[in-house]
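Participant: Everything below, folded, please.
(2 chains)
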Amino acid sequence: MKRNFIAIPIVISLLTTACVIEPIKPWHRDVLARENMAIDADEMIGLMDEQVYYSKEASSGGKGIGGGGCGCN
Amino acid sequence: MQLKKYKSVRSQLTVATCGLLAVAPVAAESQPPVDVSVSSMIYSEEGRVMVNEDVLEVTLDLGDEESITGRYIFDTMSGASHNGLPKLNTAQTVTSPSGATVTTTDEPTFAFQDTRHSVSVDWVKPITRLLKSTNSAAISSEYDYFSVGASSSWAYDINDRLTTLTAGASANYDSISPVGGTPHGLGSEGSKKDLGDQNKTEIDALVGITQIIDRYTLFQANYSIGFANGYLTDPYKLVGYLDGTLTPVSGNAYIYEKRPGSRLKNAIYFQIVRDFNDDVLRAGYRYFFDDWGVQSFTGELKYSFSLPKDGELQLRYRIYQQTAASFYHYYLIATDHADANPLDVVSDLSELDYASADHRLANISSQTVGVKYSQRFIYKESKLDIRLDRMTQVDVNKRFDELKAWIAQIAFRFVF
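Facilitator: Numbers count the residues shown, from 1 in each chain, chains lettered A, B, ... in the order given. As a prediction, this is how the structure comes out:
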């Protein structure tokens, strides 16, 4: 399991750094401007997911700050 | 009379039309758009916990990218929650926090019922053309729990707005008033619960970067650190203390759990969002570790298919695996046993500093598969989301029962 912890982020990092960062002009941001391309798309569903997993697992955080605020059973 | 009436109608229409033409632009400027979202979620475990969570969210656009969002959440929670004791071959009699006694051969649980009200406000305010702040405050109340918190985060665009740097911090103060009183950690069930109300504080900080990789790809990386201090124990959880025949030790069978009074948590999070001809792939990974010995990884994969007429179908998958906290014990055992983990063998309870049998601190693995359908409408720029997820959580050491849950949610958003 420890191997997975380390291997997966390395793969993701390699994939991303392998991409050449192109200068994107404002008029080329039509795709990125779409709502379903937003980093925090589906905010309402994400809010509920955070609450469920915070209640059922020992881990939290990473995506944002705050949260919790319940004596979850 | 007829002519007079006709002239009157025409005249009124003319006046009304001129009035509309004159007033409409003014009205549009003076009434900022209001974005309203409502959501209802049901979380249902088989034979255990049932939660209904309803949300009303209103965002007021103040212009120049400034906005205020108010959010109200109402939860109802009921059902049975595992009380920490193991499933044994013999029947066990346990007492719930409210005093009810139950004898069972299954994994012991206690029945509960609660409601939660939560109100939060987010204020998004651009400071300069490239710098934006988000300040939030939240308050939440349950029968036995009260929480208040505030956070502030800042986003700064650089590199021709190809890169956004983010930094933020939050503080939370929680107060716990356990039903029946607060027990002494590691004390026997039935001992006095006279510790009074408890509290804890938590401070979190986050730094992150969002990078536009190309015309179709976004990348995000965050690091967050959190420090919690105070009463971090679950006052309703017990730990079973068994003898060499795996039956409860006479007179000291169940003890209340006790966790350390502080916790330092770290999380590293990556996300890639990529467009494929109007379909969207979203892949996320989180690595988490703390000073309780918990390490975890979370992988998320979502693929959204673009459908005709502004529809979208998303397939969702999440995998999670964590190691157990150093003080987690499925049960404690007084004398060695062939089936026992040597770390669970404690001949003298006074030697223990901490112990918990909460499944959430065990060596667990969970998976969630689901589907979400979204539909946009031209009318009031509205959007409907419906999702259904199936979550299963298993003990990696195969000692306690599998948890199975459905998560169903419907959300609707529209703009006034």
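Participant: if we look at the sheet, which residues does the residue minimising distance to the centre of chain B bridge to?
Facilitator: Centrality entry for chain B: nearest residue to the mean C-alpha point is B:E53, 11.1 Å, by C-alpha atoms, centre = their mean. Beta-bridge partners for B:E53, by DSSP bridges, are B:M41, B:D75.
Participant: what pLDDT does it get?
Facilitator: At B:E53, the predicted lDDT confidence score is 96.
Participant: Check B:T109 too.
Facilitator: 86.
Participant: Equivalent analysis for B:F377, please.
Facilitator: In this model, B:F377 is scored at 95, pLDDT.
Participant: show me what contacts it?
Facilitator: Contact analysis of B:F377 by C-beta atoms under 8 Å, 6 or more residues apart in numbering or on different chains lists B:310, B:383-384. For glycine as for every other residue, the C-beta is placed from the backbone atoms N, C-alpha and C.
Participant: Also A:D42?
Facilitator: Counting by C-beta under 8 Å, 6+ apart, A:D42 makes contact with B:372, B:385.
Participant: can you do 10 Å?
Facilitator: With contact taken as C-beta atoms under 10 Å, 6 or more residues apart in numbering or on different chains, A:D42 is in contact with A:35-36, A:48-49, B:282, B:302, B:304, B:314, B:316, B:372, B:374, B:385, B:387, B:411.
Participant: likewise B:S224?
Facilitator: A:60-65, B:168, B:170, B:204-208, B:265-269, B:286, B:288.
Participant: Quickly list what it is bridged to.
Facilitator: Note on B:S224: beta-bridge partners by DSSP bridges are B:L206, B:A267.
Participant: How far does stretch B:290-300 sit from its chain's centre?
Facilitator: Its chain's C-alpha centre lies 16 Å from the corresponding centre of stretch B:290-300 when counted by C-alpha atoms, centre = their mean, to the nearest Å.
Participant: and if you look at stretch B:345-359?
Facilitator: Relative to its parent chain, stretch B:345-359 has a centroid offset of 29 Å by C-alpha atoms, centre = their mean.
Participant: which residue ranges form the strands in the stretch 301-416 of chain B?
Facilitator: Per DSSP state E, counting those that start in this stretch, the stretch 301-416 of chain B carries strands over the ranges B:311-322, B:332-333, B:364-376, B:383-395, B:403-415.
Participant: which residues of the chain score low on pLDDT?
Facilitator: Here I'm looking at chain A. Low-confidence segments of chain A, defined by pLDDT under 70: A:1-22, A:67-73.
Participant: other chain: chain B
Facilitator: Using pLDDT under 70, chain B drops low at B:1-31, B:251-252.
Participant: Show me it divided up by domain.
Facilitator: With domains defined by automatic domain parsing, chain B comprises B:1-31, B:34-415.
Participant: Which of these has the highest mean neighbour count?
Facilitator: Among these, domain B:34-415 has the highest mean neighbour count (mean count of other C-beta atoms under 10 Å in any protein chain shown), at a mean of 17.
Participant: can you pull out the helices in the chain?
Facilitator: Using chain A here. According to DSSP state H, chain A carries its helices in the segments A:2-18, A:43-56.
Participant: Please refer instead to chain B.
Facilitator: In chain B, the helices defined using DSSP H lie at B:2-30.
Participant: nearest to chain A, of the strands of the stretch 301-416 of chain B?
Facilitator: strand B:403-415 (4.6 Å; C-beta to the nearest C-beta).
Participant: Tell me if the closest one is near chain A.
Facilitator: Yes: using C-beta under 10 Å from any C-beta of the partner chain, strand B:403-415 comes into contact with chain A via B:403, B:405, B:407, B:409, B:411-413.
Participant: on that earlier part again, shouldn't the residue nearest to the centre of chain B be in contact with B:R71?
Facilitator: No: in this structure, B:E53 is not within contact of B:R71 by C-beta atoms under 10 Å, at 12.0 Å.
Participant: right, so of the domains of chain B, which gets closest to A:I24?
Facilitator: Nearest to A:I24, of all those, is domain B:34-415, at 5.6 Å by C-beta to C-beta.
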